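A.B. asks: Mind looking at a prediction? Sequence and model below.
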Amino acid sequence: AQSVTQLGSHVSVSEGALVLLRCNYSSSVPPYLFWYVQYPNQGLQLLLKYTTGATLVKGINGFEAEFKKSETSFHLTKPSAHMSDAAEYFCAVSGVGANNLFFGTGTRLTVIP
Amino acid sequence: NAGVTQTPKFQVLKTGQSMTLQCAQDMNHEYMSWYRQDPGMGLRLIHYSVGAGITDQGEVPNGYNVSRSTTEDFPLRLLSAAPSQTSVYFCASSYGGARSDTQYFGPGTRLTVL
């Protein structure tokens, strides 16, 4: 079985500050891990994904995430927050089937000017 | 190239009514999915399709029906709407499965059942 826990439903940071959004997963098989972003009134957009290989994954808009197997974590970071980063972020883990993704409950990021 | 389109954007139904949410993609993707998004629960998979004529259930399929007669279209049918089906519905498509390939999401349909 697969599941995802996102710690913190709301995170606020100042513009220019570090962004850290936390994601822990549970998976009975080697996981594929994803971060998606949802801007207001829009669908989800893939930020980055980990499949195999390098554990530090770089995505769009300056975001990156590191897969840590020992900690079962896949936290999302960005060194310097921008106002345009304000959105909801979802972590997801793949299931056994080719089309099964299990999403976390989301973290809403607010960027304070 | 319109990507994934969904209609309608908003819909209000009365309990017991039926309706179809439309989803179409023009990227020649084999895989298509329907999710519902509820506050505090993230996205949950309703049904998915791995190609024309092939569909399967996801995590929360009860009360919904799907079919896939063409590669482009994947409609979601609510047979007898209930207030518990009030949600935002997203359609997604990908060339391969969601595990291995990027999913593209439509803009969503906001459904209210009274």
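C.D. replies: Yep, that arrived. Numbering: from 1, shown residues only, chains lettered A, B, ... in the order given.
A.B. asks: element containing B:C23, please.
C.D. replies: Using DSSP states H and E, B:C23 maps to strand B:19-25.
A.B. asks: pLDDT of that strand, averaged?
C.D. replies: In this model, strand B:19-25 has an average pLDDT of 97.
A.B. asks: Also stretch A:19-26?
C.D. replies: Mean predicted confidence for stretch A:19-26 is 96.
A.B. asks: Run the chain-centre distance for it.
C.D. replies: For stretch A:19-26, the separation from the chain centroid amounts to 6 Å (computed by Cα atoms, centre = their mean, to the nearest Å).
A.B. asks: same question, stretch B:87-103
C.D. replies: On Cα atoms, centre = their mean, the centre of stretch B:87-103 falls 10 Å from the chain's centre.
A.B. asks: Quick one: end-to-end distance for it.
C.D. replies: By Cα to Cα, to the nearest Å, the extent of stretch B:87-103 from end to end equals 20 Å.
A.B. asks: got it, and stretch B:75-88?
C.D. replies: Terminal-residue distance, stretch B:75-88 (Cα to Cα): 15 Å.
A.B. asks: List the buried residues for the strand holding B:C23?
C.D. replies: Using 16 or more other Cβ atoms under 10 Å in any protein chain shown as the test for burial, strand B:19-25 gives B:L21, B:C23, B:A24, B:Q25. For glycine as for every other residue, the C-beta is placed from the backbone atoms N, C-alpha and C.
A.B. asks: Could I get those in TSV, plus columns for distance to B:T109?
C.D. replies: Rendered in TSV, the data for those read as follows (distance: Cβ to Cβ, whole Å):
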residue	distance to B:T109
B:L21	5
B:C23	9
B:A24	13
B:Q25	15
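A.B. asks: In chain B, where is pLDDT below threshold?
C.D. replies: B:1 (pLDDT under 70).
A.B. asks: Just give me the closest of the buried residues of strand B:19-25 to chain A.
C.D. replies: B:C23 (11.2 Å; Cβ to the nearest Cβ).
A.B. asks: so what's that closest one up against?
C.D. replies: B:V4, B:T5, B:Q6, B:M32, B:W34, B:D73, B:F74, B:P75, B:L76, B:C91, B:G106 (Cβ atoms under 8 Å, 6 or more residues apart in numbering or on different chains).
A.B. asks: change it to 10 Å
C.D. replies: By Cβ atoms under 10 Å, 6 or more residues apart in numbering or on different chains, the contact set of B:C23 is B:4-7, B:32-34, B:66, B:72-76, B:89-93, B:106, B:109.
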